[in-house]
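In: okay, here's the prediction I keep looking at, along with the sequence it came from:
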Amino acid sequence: MTALQEIETGEFAPRCWLRLPPRSIRVVDWNIDRGLQLSGVIDFLVTTNPDLILLQEVDLNARRTHHLNVAREIAQKLQMNYAFGREFEELSQGSSSSPAYNGQATLSRWPLSNARLIRFREQSHFWRPRWYLPRTQPFQQRVGGRIAFITHVQVGGLTLVTYNLHLESRSDDQLRRAQLREVLTDARRYGKKIPLLIAGDLNLDVSQDRVAADISRAMLLNAFSGKELRTRPARSLFDRARTIDWLFVRGTLQVVQLTVHRSVRASDHYPLSVRVDLL
């Protein structure tokens, strides 16, 4: 489990000396489905030209993604800094001498610092390895658990705190709400005026009354407020499109433009891009 606590970082952004923060930044949030269609992911990100990126389901050394370090590949191509937190060791994708991981990555045009992760206290037992199951892809056995990945982005003398979330998909909303509340409790350490951004794949409809109340008490503003925008397409005739990817801000931040890019097919989720004003 020690390896799962390791955080990888890299710096590929050109030095940019800002005396003051910009008036606005462009943020992308996206579950990239391991990076299975990495060229399509990179093509979209290059076209969108974001300042800050929060990615979920990012592979590291996995067989299915050609043993690439997906976060590093994207950071190098976009000339950005990155930090990567490990959610699971993927037992069917690596070996004892060369393990494979999946997790969350945050990328920025500006320096990143204070990277840390929260491994949620409440987890599903769905992924737990079982002796009678082979370590092959269909069974997707894993070691680890869902995380929130936190970084500080240093933007021209301003510190922006980001929470990159991936809540559990293989359980009920009660578990997901408990994981989200752990994030909201952690966020209390930051003053109400400190710019704070929370985004990711929540596998949850946050418009539900009790969840919406939790978010309101945390003084977070929902970028989707008043909008009906599906972020994950239907996967079969018996499935339906859903809104499970979300973005929230607090402090001196204001979302002024939100787009769900439904024409992008490089993942089983649509990417979100937002313009955030720094007040």
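Out: All right, it came through fine. Since the structure is predicted, the reported quantities are computational estimates derived from the model, not experimental observations. Numbering: from 1, shown residues only.
In: three-state assignment of Ser98?
Out: coil (DSSP: H, G, I helix; E, B strand; the rest coil).
In: now it, nearest residue through space, not along the chain?
Out: Excluding the flanking residues, the one nearest Ser98 by CB to CB, 6 or more residues apart in numbering is Asn61, at 6.4 Å. (Glycine included, C-beta is placed from N, CA and C.)
In: where does pLDDT dip in this structure?
Out: Scanning the chain with the threshold set as pLDDT under 70 gives 1, 131-139, 237.
In: for it, longest helix please?
Out: helix 173-187 (DSSP state H).
In: how about it: buried residues?
Out: Neighbour counts over helix 173-187 (16 or more other CB atoms under 10 Å) mark Asp173, Leu175, Arg176, Arg177, Ala178, Gln179, Leu180, Arg181, Glu182, Val183, Leu184, Ala187 as buried.
In: just how off-centre is the helix or strand following that helix within its chain?
Out: The element immediately downstream of helix 173-187 (helix or strand, assigned by DSSP states H and E) is strand 196-201. With CA atoms, centre = their mean, to the nearest Å as the basis, strand 196-201 stands 7 Å off its chain's centre.
In: quick one: strand 196-201 to helix 173-187, angle?
Out: Relative orientation of strand 196-201 versus helix 173-187 (axes from the mean of the first three to the mean of the last three CA atoms, to 10 degrees): 160 degrees.
In: so how far is stretch 160-178 off the chain centroid?
Out: 10 Å.
In: related to what we said a few turns ago, using PDB, list the CA coordinates for the longest helix of the chain.
Out: Coordinates of each C-alpha in helix 173-187 appear next as PDB, following Å, rounded to 0.1, in the frame of the first residue of the first chain:
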ATOM      1  CA  ASP A 173     -25.500   7.000  -3.400                       C
ATOM      2  CA  GLN A 174     -25.200   6.700   0.400                       C
ATOM      3  CA  LEU A 175     -21.600   5.700   0.000                       C
ATOM      4  CA  ARG A 176     -20.900   8.400  -2.700                       C
ATOM      5  CA  ARG A 177     -22.500  11.000  -0.400                       C
ATOM      6  CA  ALA A 178     -20.200   9.900   2.500                       C
ATOM      7  CA  GLN A 179     -17.100  10.200   0.200                       C
ATOM      8  CA  LEU A 180     -18.200  13.700  -1.000                       C
ATOM      9  CA  ARG A 181     -18.900  14.800   2.600                       C
ATOM     10  CA  GLU A 182     -15.300  13.800   3.500                       C
ATOM     11  CA  VAL A 183     -14.100  16.200   0.800                       C
ATOM     12  CA  LEU A 184     -16.300  19.000   2.000                       C
ATOM     13  CA  THR A 185     -15.100  18.500   5.600                       C
ATOM     14  CA  ASP A 186     -11.500  18.600   4.400                       C
ATOM     15  CA  ALA A 187     -12.200  21.800   2.400                       C
END
